[in-house]
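Asks: got a predicted structure plus its sequence, pasted below:
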Amino acid sequence: MRSRQQSSNLQRVFPVLKKAVLASLLLALLALLGLNSRAVFDDVASQRIEFVVIEGELLRVTENDVQAAVFNFINRSMVSVDLDQVKAALEGNAWIKSASLRRKWPNTLIVDVTEEVPIARWGDSQLLNQDGNIFSPPVVDLQLNLAKLSGPPGSEKRVMEQYQVFNQLLYPKNIRIASLDLNTRGAWTVKLINGVTLSVGSISPVMRVRRFARIYDTVFAAHMADIERFDLRYEDGIAVAYKTAATNEALVSMQ
């Protein structure tokens, strides 16, 4: 009778011991995992940026420019480095339109650069991109052979759009624009690379330039060396001013 009771007591004790052992093992495992996780975290947090890889085609921005912009961030932690700050430092270069960055573990920063593409000059010291946005590199290379655009403050986009339209009309005729000006009264003046001026005015400028382009080959192309200025502001014709005083100003009728 006593033996059976002792056996029953042992059966009750063993499950308790089993649970206690399992609990102890589980706590030990969690502690071990916690230590390992902390060690891994410390390793990751202390990992430094050692290499910078540049992606994107570079024409006016040099690798040295990129390296100089990110120099202050080299050897910082891969985890703690503020990529927005690096991006801002890169985009502080006037020739960099945008920059994107990403981490490549364990120690590399990938930099993808998109450069500005100059379409025209704005005044003497600035450039315009295709969207009509101004950017100001330290030195504007006059050898870029870009048209010079000008206008009242805030008119950059409008002038760029008009320049592109005029260029589409004139370029197929082998007519190149040297400058385009919008004055405060809204009147347009075009100067060609051969020195000839087109007074376009403010009313229906696209229609007037299209009309000029339409008759250019048959009426004006052979005489351009003798012409100083075209006045497109007439409703039914185009006035032509010649370089020599001996030649009178002529009005070419469109009727």
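Replies: Thanks, I have it. Residues are numbered from 1 along each chain as shown.
Asks: what residues sit buried inside stretch 141-156?
Replies: Going by neighbour count (16 or more other Cβ atoms under 10 Å), the buried part of stretch 141-156 is Leu146, Ala147, Lys148, Leu149, Ser150, Gly151, Ser155, Glu156. All C-beta atoms are positioned from the backbone trio N, CA, C, and that covers glycine.
Asks: what are the ranges of the helices in this structure?
Replies: Applying DSSP state H to the chain gives helices spanning 2-46, 63-70, 83-91, 156-170, 205-215.
Asks: next up, the contacts around the residue most central in space within the chain.
Replies: Closest residue to the average C-alpha location of the chain: Lys97 at 2.8 Å, with Cα atoms, centre = their mean. By Cβ atoms under 8 Å, 6 or more residues apart in numbering, the residues touching Lys97 are Glu91, Thr114, Glu115, Glu116, Val117, Asn129, Phe135.
Asks: nearest to Arg176, of the buried residues of stretch 141-156?
Replies: Ala147 (8.1 Å; Cβ to Cβ).
Asks: most neighbours among the contacts of Lys97, which one?
Replies: For the contacts of Lys97, neighbours were counted by other Cβ atoms under 10 Å; the highest total belongs to Glu116, with 21 neighbours.
Asks: tell me the pLDDT of that one.
Replies: Reported pLDDT at Glu116 in the predicted model: 95.
Asks: show me what contacts Lys173?
Replies: Ala213, Tyr216, Asp217, Ala221 are the contacts of Lys173 under Cβ under 8 Å, 6+ apart.
Asks: likewise Arg48?
Replies: Going by Cβ under 8 Å, 6+ apart, Arg48 touches Asn75, Arg76, Ser77, Met78, Asn107.
Asks: show me what it is bridged to.
Replies: Ser77 (DSSP bridges).
Asks: start at 51, not 1
Replies: All right, first residue 51 from here; so that's Arg98.
Asks: hang on, the earlier thing: and the buried residues of stretch 191-206, which is closest to Leu242?
Replies: Ranked by distance to Leu242 (Cβ to Cβ), these are led by Ala197 at 10.0 Å.
Asks: I'd say the closest one and Ile225 touch.
Replies: No - taking contacts as Cβ atoms under 8 Å, Ala197 lies outside contact range of Ile225: 11.9 Å.
Asks: show me where the stretch 201-305 of the chain has its strands.
Replies: Secondary structure of the stretch 201-305 of the chain by DSSP state E, counting those that start in this stretch: the strands cover 227-232, 238-242, 247-251, 277-281, 287-292, 300-303.
Asks: point out where the stretch 51-200 of the chain drops to low pLDDT.
Replies: Low-confidence segments of the stretch 51-200 of the chain, defined by pLDDT under 70: 51-96, 192-193.
Asks: give me the neighbour count for Leu282.
Replies: 20.
Asks: not counting its neighbours along the chain, what's nearest it?
Replies: Closest residue to Leu282 apart from its sequence neighbours, by Cβ to Cβ, 6 or more residues apart in numbering: Arg258 at 4.1 Å.
Asks: measure that neighbour to Ala170 for me?
Replies: Computed as Cβ to Cβ, to the nearest Å, the Arg258 to Ala170 distance reads 21 Å.
Asks: same check on Val189?
Replies: 17 Å.
Asks: and for the closest residue in space to Phe101 that isn't next to it in sequence, the neighbour number?
Replies: In space, and not counting its chain neighbours, Phe101 is closest to Thr158: 4.5 Å by Cβ to Cβ, 6+ apart. Neighbour count of Thr158, defined by other Cβ under 10 Å: 14.
Asks: right, and Thr158 touches Val103 too?
Replies: Yes - between Thr158 and Val103 there is a contact under Cβ under 8 Å: 5.8 Å.
Asks: scan the contacts of Arg98 and report the most crowded one.
Replies: Busiest of these [other Cβ under 10 Å] is Met128, holding 19 neighbours.
Asks: residue contacts, the closest residue to that one other than its chain neighbours?
Replies: Of all residues not flanking Met128 in the chain, Gln97 sits nearest, at 4.8 Å (Cβ to Cβ, 6+ apart). Listed by Cβ under 8 Å, 6+ apart, the contact set of Gln97 reads Ser127, Met128, Val129, Trp155, Pro156, Asn157.
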